[in-house]
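In: no FASTA, just this:
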C-alpha cells in the first residue's frame, strides 16, 4: 500500500503578503522617478534634480527589493515535518 504524500506549498500567506508589499513599494519608487523633463528641448529644467527623484525614489526602490528578498528567504512554517510533528506528539502520549 502506497502512502499518500502531502503537498506543501513553497510560499504561505505571509510570504505572498510581503512579496506584494515589496512590489508596491518598488513600483511607488519608480513612479516617483517619473517626470522632471522640460517641454522645450532647448531649455534645461533643474526639476530633474529634486529630492523626490534623486533621494526618496531610489531609497523606496531599494527598500522594496529588500522586502522582496526578505520574503523569499523567510522560513516557511508549512513544512511536512511541522505538519507531522503534532501527530507524532499525540502518538507518543498514547
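Out: Structure's in. What do you need? Owing to the predicted nature of the structure, the values given are computational and were not obtained by experimental measurement.
In: In the protein, where's the longest helix?
Out: With secondary structure taken from DSSP state H, the chain has its longest helix at helix 13-33.
In: So for it, mean pLDDT?
Out: Taken as a whole, helix 13-33 has a mean pLDDT of 96.
In: what's the following helix or strand after that helix?
Out: Counting by DSSP states H and E, the next helix or strand C-terminal to helix 13-33 is helix 51.
In: Quick one: mean pLDDT for the helix or strand following that next one?
Out: Moving toward the C-terminus from helix 51, the next helix or strand (DSSP H and E) is helix 57-73. Mean pLDDT, computed over helix 57-73, is 97.
In: Just the residues contacting helix 57-73, thanks.
Out: The list of residues contacting helix 57-73 from outside it, by Cβ atoms under 8 Å, 6 or more residues apart in numbering, reads 15, 18-19, 21-30, 32-33. To be clear about C-beta, it is placed using only N, CA and C from the backbone, and glycine gets the same treatment.
In: ok, 6 Å please
Out: The contact list for helix 57-73 (Cβ atoms under 6 Å, 6 or more residues apart in numbering) reads 15, 18, 19, 21, 22, 25, 26, 28, 29, 32, 33.
In: Format the residues you listed as TSV; extra columns: neighbour count and distance to residue 48.
Out: What follows is the contacts of helix 57-73, written out as TSV (neighbours: other Cβ atoms under 10 Å; distance: Cβ to Cβ, whole Å):
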residue	neighbour count	distance to residue 48
15	20	37
18	18	33
19	16	31
21	14	29
22	20	27
25	19	23
26	19	21
28	16	19
29	19	16
32	17	13
33	17	10
